[in-house]
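Visitor: got a predicted model here, sequence first, then my questions.
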Amino acid sequence: MKKSILILLTVFSVASAVHGQNYGWTDISANIPQTGQDPPRMPDVYFVSDNEGWITCVNYAEIYHTTDGGETFEVQTTQYHCNAIHMLNENEGYAGGSSGFIYKTIDGGDNWDFYGTTASTLTDISFPPMGDTGYCCGINGNIHSIDSSGVTKMTSGVPDSFAAISFPINSQEGWVCGGSILRHFINGNWTAADQDYPSGGYNAIYMVNSINGWIVGDGGIIAHTEDGKNWFEQTNPDSQTRTLFDVFFLNANEGFAVGSGGIILHTTDGGINWTIEGAGLTTESLAGVHFTSPTNGYVVGTGKTLLKYAELSGTSNVIVETLQFEIFPNPAKNKIQIQCSEFKTENGIIELLSLEGKKILEKEIESGIENIELDLNNLKSGMYLCKISTDKKSSTKKLIIE
């Protein structure tokens, strides 16, 4: 899993679409703590079970830990911010990023202790499921091994910056990518001699075994290998050709890719066919994706974005769609007008939330009223979230009060 520089956007919308009978996407971004003025930009996510996981942050030296599926989080801290995280189990794991610092925890993140450094920015970490040696990559061609003795530099043979690394089976074979470069670790060396792949700029790689894997990147490029050597481009249905920042596969058939503009791609046939999911969930850049099962997964990105795929409450026929509304003026001072055509025929609710998700104001709306005025005189200056909901639609926009 790995990432390029995250770009902070200003507005996001929320929607949940049922993919299966009782399953779909939910925006739980409000559950992420915010300790500073700017929303956390979150590049990586790793879950060891459906409920327990960790999320890194690039604009604060924080890691967010949940044990209840994202309902609540505790804030864990490191010296410098982390781009990547890999947990071996609920207690032991590694994280790293700025200045190449690598941290290790043996208590679930209550304490993140300095373990070593790569001397330059670290972008990704991968440990195979079998073996106690892992690997990390970063800028300037840096690749290091991580084991019980510490962090050891390897020879990559290129000066290019790497974005992602994957060791799917054991410590003897892996792949790394970044920019136009793809390298294979075999027989103790990093090589490109056996790799044939399309030209492009690659941001992430995921291998499910020694022969099946995917790389994704700029312009929405997706390439797949079935022998660990020859890579062939797959068709991306996204007409906007949005850049992809991360890819994750549960097995050789089912996987997800995420990227700029809120794009989420899903395949159940190894990428022969990709479909766009969660259209309208958000316009933020999505940088990390991790699934624990076909019915439980998480996506993170800029703007404190955290999306969850899981079982939905209610009946199997419920579909929650994006709701269109306008706020003016924005920024505002004493009052705002909210225009929402859905309120002509449906009852609804308007909520103002803090960036931490705390409810500040709630107003119930009876059908027949399209324009609603809200008094802001009792609110402090700052940024808020304005959420509009009906029975089947919901959206959220940011509101600035001067």
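Guide: Perfect, I can see it now. Numbering: from 1, shown residues only.
Visitor: gap between stretch 380-400 and the chain center?
Guide: Relative to the chain's own centre, stretch 380-400 is displaced by 22 Å; criterion: Cα atoms, centre = their mean, to the nearest Å.
Visitor: let me redo that: stretch 265-277
Guide: 18 Å.
Visitor: that one spans what distance, first to last residue?
Guide: 6 Å (Cα to Cα, to the nearest Å).
Visitor: can you check stretch 268-285 too?
Guide: With Cα to Cα as the measure, stretch 268-285 spans 23 Å from end to end.
Visitor: what residues sit buried inside it?
Guide: 270-271, 274, 277-278, 280-285 (16 or more other Cβ atoms under 10 Å). To be clear about C-beta, it is placed using only N, CA and C from the backbone, and glycine gets the same treatment.
Visitor: I'd like the average pLDDT over that stretch.
Guide: Averaged across stretch 268-285, pLDDT comes to 91.
Visitor: please state the offset of that stretch from the chain centre?
Guide: For stretch 268-285, the distance to the chain centre is 13 Å (Cα atoms, centre = their mean).
Visitor: ok, now stretch 244-252?
Guide: With Cα atoms, centre = their mean as the basis, stretch 244-252 stands 12 Å off its chain's centre.
Visitor: same deal with stretch 374-381?
Guide: Per Cα atoms, centre = their mean, the centroid offset for stretch 374-381 relative to its chain is 33 Å.
Visitor: sorry, back to before: need the buried residues of stretch 268-285 in CSV with distance to Gln37, can you?
Guide: Converted to CSV, these look like this (distance: Cβ to Cβ, whole Å):
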residue, distance to Gln37
Gly270, 44
Gly271, 41
Trp274, 38
Glu277, 32
Gly278, 28
Gly280, 27
Leu281, 25
Thr282, 21
Thr283, 21
Glu284, 17
Ser285, 20
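Visitor: max pairwise distance over these: which two?
Guide: Gly270 and Thr283 (28.9 Å; Cβ to Cβ).
Visitor: my read is that Asn59 contacts Gly36, right?
Guide: Yes - the criterion here is Cβ atoms under 8 Å, and Asn59 meets it with Gly36 at 7.5 Å.
Visitor: so between these two, which is more surrounded?
Guide: The neighbour comparison of Asn59 against Gly36 (other Cβ atoms under 10 Å) goes to Asn59, with 15 against 11.
Visitor: skip the chain neighbours and tell me the closest residue to that one.
Guide: Sequence neighbours aside, Arg41 is the residue nearest to Asn59 in space, at 5.1 Å (criterion: Cβ to Cβ, 6 or more residues apart in numbering).
Visitor: quick one: the one you found from Pro198, how far?
Guide: For Arg41, the distance to Pro198 equals 30 Å [Cβ to Cβ, to the nearest Å].
Visitor: neighbour count for these two, which is higher?
Guide: Neighbours were counted for Arg41 and for Pro198 using other Cβ under 10 Å; Arg41 has more, 25 against 15.
Visitor: what about that one, distance to Thr282?
Guide: If you go by Cβ to Cβ, the gap between Arg41 and Thr282 works out to 13 Å.
Visitor: shared neighbours, those two?
Guide: 301, 303 (Cβ atoms under 8 Å, 6 or more residues apart in numbering).
Visitor: any idea of the pLDDT on the closest residue to Asp113 other than its chain neighbours?
Guide: If the residues on either side of it in the chain are set aside, Asp113 comes closest to Lys104, at 5.7 Å by Cβ to Cβ, 6+ apart. pLDDT for Lys104: 98.
Visitor: likewise Thr225?
Guide: Per-residue pLDDT puts Thr225 at 98.
Visitor: what about it, neighbour count?
Guide: Residues near Thr225, counting by other Cβ under 10 Å: 20.
Visitor: what do Asn59 and Gly36 both touch?
Guide: Residues within reach of Asn59 and of Gly36 at once, by Cβ under 8 Å, 6+ apart: there are none.
Visitor: isn't the residue nearest to Asn59 up against Val58?
Guide: Yes - contact criterion Cβ under 8 Å: Arg41 and Val58 qualify, at 5.0 Å.
Visitor: for Met42, give me phi and psi.
Guide: phi -110, psi 110 (degrees, to the nearest 10).
Visitor: show me what counts as buried in stretch 217-229.
Guide: Buried residues in stretch 217-229 (16+ other Cβ under 10 Å): 217-218, 220-225, 228.
Visitor: can you list the strands that the helix or strand containing Leu265 pairs with?
Guide: In this assignment (DSSP states H and E), Leu265 forms part of strand 264-267. Partner strands and pairing direction for strand 264-267 (DSSP bridges) are strand 255-259 (antiparallel), strand 275-277 (antiparallel).
Visitor: in TSV, list these along with distance to Tyr384.
Guide: As requested, those are arranged in TSV below (distance: least, Cβ to Cβ, whole Å):
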stretch	distance to Tyr384
strand 255-259	27
strand 275-277	29
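Visitor: in the stretch 301-402 of the chain, where is pLDDT below threshold?
Guide: Across the stretch 301-402 of the chain, the ranges flagged by pLDDT under 70 are 313-323, 355-357, 392.
Visitor: how is this structure divided into domains?
Guide: 23-311, 326-401 (automatic domain parsing).
Visitor: just name the most buried of the ones you listed.
Guide: Compared across these, domain 23-311 shows the largest average neighbour count, a mean of 20 (mean count of other Cβ atoms under 10 Å).
Visitor: ends of it, what's the gap?
Guide: Counting by Cα to Cα, the terminal residues of domain 23-311 are separated by 4 Å.
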